[in-house]
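Chemist: predicted model, plus sequence, below.
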Amino acid sequence: MASTSDLTSTNTTKNKSSVSETGHAKNVANFQNLIAFVTGYGATYNPSKNALKLPQLIALKAEADSKLADVVAKNTAYNNKVNERQTAFSGLKSLSTRLVNALQTTDATDQIIKDAKGFNKKMQGQRASASATTPTDPNTPAPTTISTSQQSYTQQIQHLAGLISVLESEPSYSPNETDLQIATLVAKQNELTTKNNEVATSYANISNSRIARNTTLYSTEGSIFDVASEVKKYIKSIYGASSPEFAQVKGIEFKKPKS
């Protein structure tokens, strides 16, 4: 059971991620509002800079929409892989204990049984972070870091591998139960490795997708954040600081996320 501090930390991280993800969509929506006003100005809106022209604004908005959609898709894929991994790893600790019990019914020496118990003890003590072990809703923002949870799952796989090695070394270990047999355990280890690697790959995909989105929205000259600022300045220059036209757009907010 996760401690109160674990849950508080997890919830805080999710809340921050949720606010951040919502903020990106709000910026793009506000850019559409800016485009709507620019469209209404008609021929009087005629900047010399190509990036500020209406067709380019519309194209930039479409690119931003595409980047937002890709993040959503990659985020869903990531959470689905996390859920699949959680399902695959469920019952691993109880399986580990069953394997030790099965070994104790063989002719194994006290030292071999001790070695097996050592790996089982490590398995029982290994815990993935609270945010990574609970199956997530596909809409939940993926975390900004994966290192801790990825390492804990990798360690569980290594503990299982060590236990399998001990069992393989004992000639009298030959259970009739299929799920306790060496071939089944090796297949289980391979499955867990695959599921864990898939989470790592899908996390890399969502991370790269976020970078691409942030580049379009904030990071480069010609990003939505910079272009929106220049559009406002241009409107201010042609209509005046006290004009109703500038009043329409000056309050439209575009915020960069905190690092």
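Modeler: Looks like it came in fine. Residues are numbered from 1 along each chain as shown.
Chemist: pLDDT of stretch 81-94, averaged?
Modeler: The average pLDDT within stretch 81-94 is 94.
Chemist: residue ranges in the stretch 101-250 of the chain under the pLDDT threshold?
Modeler: Where the stretch 101-250 of the chain drops to pLDDT under 70, the residues are 126-136, 146-149.
Chemist: what's the burial count for K49?
Modeler: K49: 11 surrounding residues under other CB atoms under 10 Å. In this view, the C-beta of every residue, glycine as well, is placed from N, C-alpha and C.
Chemist: what about it, distance to E221?
Modeler: K49 sits at a distance of 11 Å from E221 (criterion: CB to CB, to the nearest Å).
Chemist: again, but for A36
Modeler: Plainly put, A36 is 24 Å away from E221 if you go by CB to CB.
Chemist: got it, and P244?
Modeler: On the measure of CB to CB, P244 and E221 end up 30 Å apart.
Chemist: geometric centre of the chain: which residue is closest?
Modeler: A142 (2.7 Å; CA atoms, centre = their mean).
Chemist: pretty sure that residue is touching Y78, no?
Modeler: Yes: A142 is within contact range of Y78, at 4.6 Å (criterion: CB atoms under 8 Å).
Chemist: pull up the overlap in contacts between the two.
Modeler: Counting by CB atoms under 8 Å, 6 or more residues apart in numbering, the contacts common to A142 and Y78 are 203, 206.
Chemist: which pLDDT value goes with V19?
Modeler: Reported pLDDT for V19: 47.
Chemist: who's in contact with the closest residue to D65 other than its chain neighbours?
Modeler: Nearest residue to D65 in three dimensions, chain neighbours excluded: V28, at 6.6 Å (CB to CB, 6 or more residues apart in numbering). Neighbour list for V28: 61, 64-65, 68, 217, 224 [criterion: CB under 8 Å, 6+ apart].
Chemist: right, and the helix or strand after whichever strand or helix holds V28?
Modeler: Per DSSP states H and E, V28 falls inside helix 4-41. Per DSSP H and E, the first helix or strand lying C-terminal to helix 4-41 is helix 54-89.
Chemist: that older thread, could you redo the contacts of V28 as JSON lines and give each row neighbour count and distance to Q248?
Modeler: Formatted as JSON lines, the contacts of V28 follow (neighbours: other CB atoms under 10 Å; distance: CB to CB, whole Å):
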{"residue": "K61", "neighbour count": "18", "distance to Q248": "18"}
{"residue": "A64", "neighbour count": "22", "distance to Q248": "21"}
{"residue": "D65", "neighbour count": "16", "distance to Q248": "23"}
{"residue": "L68", "neighbour count": "20", "distance to Q248": "25"}
{"residue": "L217", "neighbour count": "26", "distance to Q248": "22"}
{"residue": "I224", "neighbour count": "23", "distance to Q248": "18"}
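Chemist: so what's I235 up against?
Modeler: Counting by CB under 8 Å, 6+ apart, I235 has contacts 37-38, 41, 45, 245-246, 249.
Chemist: quick one, strands of the stretch 51-200 of the chain?
Modeler: With DSSP state E, counting those that start in this stretch as the definition, the stretch 51-200 of the chain shows no strands.
Chemist: how close does the nearest residue to I112 once chain neighbours are set aside sit to R98?
Modeler: Using CB to CB, 6+ apart and skipping the chain neighbours, the partner closest in space to I112 is E170 (5.6 Å). Distance, E170 to R98, using CB to CB: 15 Å.
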